[in-house]
Every structure is written in structure tokens, then in C-alpha cells.
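**Q** sequence first, then the predicted structure:
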There are 2 protein chains.
Amino acid sequence: MDVGGTTIKAEIADAAGEVLVADAVATPQGEAAFDAMGELGDVLLSGLSAADRGRVARAAVLLPGIVDPVRSIAVFSANVGWRDVEVGTRFSRRWSMPVLIEHDVAVAGWAEWRFGAGQGRDTVCVVIIGTGISGTLSVGGRLVRGGIGQAGEYGHIAVRRDDGLPCPCGNTGCVETVASANGIARAYRRRTGHENIGAAEIFGRMDSDVDAKAVVSDAVAALADGLLGVIHAVSPELIVVGGGLAGAGPTLSERLHRALRERLRVVPAPEVTIGRFGARAGLAGAALFARYGALV
Amino acid sequence: MDVGGTTIKAEIADAAGEVLVADAVATPQGEAAFDAMGELGDVLLSGLSAADRGRVARAAVLLPGIVDPVRSIAVFSANVGWRDVEVGTRFSRRWSMPVLIEHDVAVAGWAEWRFGAGQGRDTVCVVIIGTGISGTLSVGGRLVRGGIGQAGEYGHIAVRRDDGLPCPCGNTGCVETVASANGIARAYRRRTGHENIGAAEIFGRMDSDVDAKAVVSDAVAALADGLLGVIHAVSPELIVVGGGLAGAGPTLSERLHRALRERLRVVPAPEVTIGRFGARAGLAGAALFARYGALV
């Protein structure tokens, strides 16, 4: 189960990754979201045959915001609006199986690293780009968990502090104000007046539309600027761009690689590749996490 | 033995860290530096009593630039001017003991983390500031070695690409053009015309000298900007400022902490502290590395 700011998506998959049942509901605001999660799980389980129901070994619920998986607490979600919700045995009793909770992006990034575009590589930075930007870092074959906060907050590096847009976090010019799918769509809207044109479509228009080209160039530049810190710190071999914006394909990965090459002298430019799971990285990762039981 | 761009320093210490003999020579340019290292080791060993000579168990030689400790090759040093020197058994035969080679800053940062200001902490960023800036990163109790290049190259993050000074690396506005001891002294010289005033003295003048204050503020701002990437990537609990500029003391660490707090919204600001070994981190680290035999 992958709990987003607008939708809760859930699937039950078998060991081969085949999806047996799937469903989604709108995310209620506040703690009511947890009741909706419980009900969605009930619906999925009741859609299985008795034989398949008996084979469901474990569930994983991915939550946004700040999550404490060890103490099983949903610490904080600004988008959905909860604070310090003790998940505890709430779902495991209801569904009669062990239930893990984790941070959505940590699992999505782990899935891309271990089973997706980063498979077999040791030192990998996964950047999940959707409405916002965050990701994971793996070093020497281990997923980095944050020392005192969450790791992988690439979206909130303020690369345009002097002349950028305000970010909901309180800073100015964060990477995600420019390079997230929302940031790209907003920049295009401001330049052209066109509403309702998504980031993927803006990438598709680049060859024939100077505004699209300018907006994408700016987004790629901000993303490259934001990644300079982690690249100099750990010299990753690979950067995986996942999440919804992975739909932009090689146009995005090749441009990002070029922007990094232009910016780097001392540390080699890492490979850049597009994620395998796209916007499904969370949901695919939840099933893999439920199966493996840990982010290893 | 710590091989720097201008001086080769060497000591023989006992298990308690007590220095038995110490000496230094100017660093010859090019591969001749390796003969000077060999001779300096001979001189130190001959200065020991026969009893002490028998107790010397292992040596470590720290080299600048790019080092391949596994294949025992000094890959490249721009400052001293060597390329692909096979160290191999050169020193171990000469001194009749096992000899490790390593990257100078990797060992200095490891020493500050494991035995200095970062002792007992798991996720620590050590920034060694001297003529240049680089450092180490430890995550989850392990030292990060670079994926495809060297890790900890904090000095070459270009934080002033649009309006900064040229860096010898080929980029413009790297952190070390502003925040290294050399960068600070140069900026002060440019503002005031005063030659031969070192970075530590400029820190000392801050209360009474507006130029000193402006130069230090600018250096701290560049350092804070450069560290934003690694802080958002791994959320370290502690940043240790080591190397020669550690002599600036709490004036530096408190200002850096304040600059980070001002810049961070999503990830908590890490503690900032001054390194224990100062400019001696390399030499102290070499003895510890020789004793432990690995950077663990």
C-alpha cells in the first residue's frame, strides 16, 4: 500500500510480482486516512480466493512525511495532516498478518536501486521526481538512512536562494521549486499562459517550442546544481531518475548527464539512467519490501 | 608519514600516541619525492634505540592527490607532480616492515571521526580545511569510500559559479576558492592590500576589523552552501571542521552552525565542532592507521 497526498493505492502481488488484485481510494485528510487504509486493505483481501488469501504472508504500508518504522509511528505528514499516529498493531490485527510501515520514498528508491535501474550497483543515488523531489542514497551496497533526519532530501537544497521561488518548506529556490513535475508545469504556465500541460508533455514539446526548451533546461540545471553536493561527497557510480518524471525518458537522463559533466572537474560524472518503475516505484517497492521484510 | 605539497612530515609513535622521534624535509617535485620519503624513514628509524626499533610494527605513508591503496599505486598528484608511481614493496623492503599507503585526507578525516572530535558518533562529515578543502563522510559507523572517484571532495563544489574566482581545477567559484585558508588570506589581501596575514589571524581580528569580518562571513557562507548537498543527502549528526583552520576555534564552528541553521528547513542542522588534531590530523591519523591496519 502506497499512501500519497491525494490517493491511497494498494495491490496484492505474488512472489513473481504478478498483481492479483489492485484498488485505490482518495486520501482523506488527517487521521481518517488510517481508517481508509484499513478499509482498502479489507477490500483487497476479500477480493482474493480462499487459497490466495492463505498465501498472503506480509503487508507493507508506505507513508509520506516523517515515519518511524522501528517504533511504528507515523510521525508527521504536512500533506495529509497527521502527527504522531501510533500505527502499532492496528493493521496487523485487522488483516491478520505482519504489517511493516516505512517511508514512501525510502522504499521507492530502494526498489529502484535493488530491483530496478540500479540493480547490481553499489553506490547509487536515486532521485524520485514527482510533485516534489526526494530520493535515496546507497553507499557500498547499503541504503543510507538519515543520521538525525531523513536522508535523500535532494528537493530541498536551495540552489536559487537569491532569485528563486518560495518553497512551502520556508526556503527560497529549493531544487523542487524548479525541477519537480509541479515546478516544471508552473514555469511553463508562467511563460506561456497555458494551463493543464504536464511536465512529461513539456519534455515532448522541446524540439518545437522555445518555452518548453527553456523550462526544461532550467529544471535540469537546478537538478544538476542540487546533486553536486552528494556527488562530491560520495562519488556515486550511478544516478537513477525515478518517479513520474521518469516518463520523460532519455531526454531527461542525457541532459542531466551533460549538465553534470559540464559542472564536474575533480570528481567523475556519474552515469545517469531512468528508473525502471516510474511512478509505480512506491507500489512495486511496497510489495518487494513486504516480501523481503527489510530494506536490504 | 604525511606527504604534503611543501613538506614531508614523519613521526614514530608508541601505542599510547607518545612521539618517540619526529622529523620533516621539504618535498622534492616529482617522483624524487619517493626517495625523500625513503630517506626520511631511514633517518627516523636510525634515531631509535635498538629496543624501540624492534617494537616498530608497521608504517603508513599518506599521499596527496589520487591514491590506490589496494594496488599500492600513487595515481596522481597535481601539487607534487607524479603520475602512476608503483609504491609496491619499495618502503617495506627498505624499512623491513609492512607499509600501508593511503590518501592523506581520508586518514586525517578518519582519525578525527574515530579518535578525535567525532568519536562515538555514527554519521559524521569531517571537513579538513587548510590550503585546500576536502574531507570524509562516515555513515552508519562506516567510512564512505568513493564509488568511482574520491569521496569527500567538498572543496570543489562550485557554489559561486556565476561570480566566483577561478579554481585551479578548472571550475569557477569552488568552495575552496572562498573558504580555504588560502582563499581567506587572498580575499583579505585583495580588500586591504595587507600581505602575509594568515587565515587564523584574520579570524582573530574579526571584532575590530570590518574587512576581516566580511572575509570570514563570506568564507563561512560558501562553506555552508557547499555542505547543503551532503546534509540533505545523509542528514549527518555532526560536522567536524579540522585541519589548519581548526585553529580559528569556536568562532568558526559557531558561525558555521548558525549559517547552516539559517539555510535548513527540512533537515535538522547538524552539530558543528572543531577537530581535535588540527593540522596534525594527517600525522596523528597515520600513526593510528599504522597501528590499526585499516580505516575501521
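**A** Cool, the structure landed.

**Q** which SSE is the residue of chain A found nearest chain B in?
**A** Chain B sits closest to A:Gly229 of chain A, with a gap of 1.1 Å, by C-beta to the nearest C-beta. (Glycine included, C-beta is placed from N, CA and C.) According to DSSP states H and E, A:Gly229 maps onto helix A:210-234.

**Q** which helix or strand lies directly C-terminal to that helix?
**A** Next along the chain from helix A:210-234, counting by DSSP H and E, comes strand A:238-242.

**Q** helices or strands up against that following strand?
**A** If contacts are counted by 3 or more C-beta pairs under 8 Å, 6 or more residues apart in numbering or on different chains; DSSP states H and E, strand A:238-242 sits against helix A:104-115, strand A:124-129, helix A:250-263, strand A:271-274.

**Q** buried residues in stretch A:48-65?
**A** For stretch A:48-65, the neighbour count (16 or more other C-beta atoms under 10 Å in any protein chain shown) marks A:56, A:58-65 as buried.

**Q** how about stretch A:193-204?
**A** A:197-204.

**Q** okay, now A:Arg291: neighbour count?
**A** By the criterion of other C-beta atoms under 10 Å in any protein chain shown, A:Arg291 has 14 neighbours.

**Q** is the residue lying closest to it once chain neighbours are set aside part of a helix or strand, or is it coil?
**A** Nearest residue to A:Arg291, sequence neighbours excluded (C-beta to C-beta, 6 or more residues apart in numbering or on different chains): A:Ala15, at 6.7 Å. Assigned state for A:Ala15: coil (three-state reduction, DSSP: H, G, I helix; E, B strand; the rest coil).

**Q** where does A:Ala15 land on pLDDT?
**A** Note on A:Ala15: pLDDT of 89.

**Q** swap in the one 4 residues further on?
**A** Model confidence at A:Val19, expressed as pLDDT, equals 95.

**Q** bridging residues for it?
**A** Under DSSP bridges, the beta-bridge partners of A:Val19 are A:Ala13.

**Q** just give me the neighbour total for it.
**A** Other residues lying near A:Val19 total 12 when counted by other C-beta under 10 Å.

**Q** ok, it touching A:Ala13?
**A** Yes: at 5.1 Å, A:Val19 counts as touching A:Ala13 under the criterion of C-beta atoms under 8 Å.

**Q** assess the claim that the residue of chain A closest to chain B and B:Leu227 are in contact.
**A** Yes: A:Gly229 lies in contact with B:Leu227 (C-beta under 8 Å); the separation is 7.3 Å.

**Q** with neighbour numbers in mind, choose between the two.
**A** Using other C-beta under 10 Å, the more surrounded residue of A:Gly229 and B:Leu227 is B:Leu227, with 28 against 24.

**Q** from memory the more buried one sits against B:Val126, does it?
**A** No: the criterion here is C-beta under 8 Å, and B:Leu227 misses it with B:Val126 at 11.5 Å.

**Q** overlap in contacts, these two.
**A** Taking C-beta atoms under 8 Å, 6 or more residues apart in numbering or on different chains as the criterion, B:Leu227 and B:Val126 both touch B:Ile239.

**Q** can you pull out the helices in chain A?
**A** A:32-46, A:50-55, A:90-95, A:104-115, A:175-179, A:181-192, A:199-204, A:210-234, A:250-263, A:281-292 (DSSP state H).

**Q** what would the ones you listed look like in a markdown table with mean pLDDT and distance to B:Ser92?
**A** Shown next, in a markdown table, are those (pLDDT from 0 to 100; distance: least, C-beta to C-beta, whole Å):
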| stretch | mean pLDDT | distance to B:Ser92 |
| --- | --- | --- |
| helix A:32-46 | 98 | 62 |
| helix A:50-55 | 95 | 60 |
| helix A:90-95 | 97 | 59 |
| helix A:104-115 | 98 | 40 |
| helix A:175-179 | 97 | 48 |
| helix A:181-192 | 97 | 56 |
| helix A:199-204 | 94 | 57 |
| helix A:210-234 | 98 | 31 |
| helix A:250-263 | 97 | 40 |
| helix A:281-292 | 97 | 45 |
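
**Q** OK, contacts around A:Ala214?
**A** By C-beta under 8 Å, 6+ apart, A:Ala214 lies in contact with A:Arg191.

**Q** ok, now the one 5 residues further on?
**A** With contact taken as C-beta under 8 Å, 6+ apart, A:Ala219 is in contact with A:178-179, A:183-184, A:187.

**Q** just to revisit the earlier point, would JSON lines of the helices and strands packed on strand A:238-242 with mean neighbour count be doable?
**A** Output for the helices and strands packed on strand A:238-242, formatted as JSON lines (neighbours: other C-beta atoms under 10 Å in any protein chain shown):
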{"stretch": "helix A:104-115", "mean neighbour count": "28"}
{"stretch": "strand A:124-129", "mean neighbour count": "31"}
{"stretch": "helix A:250-263", "mean neighbour count": "18"}
{"stretch": "strand A:271-274", "mean neighbour count": "22"}
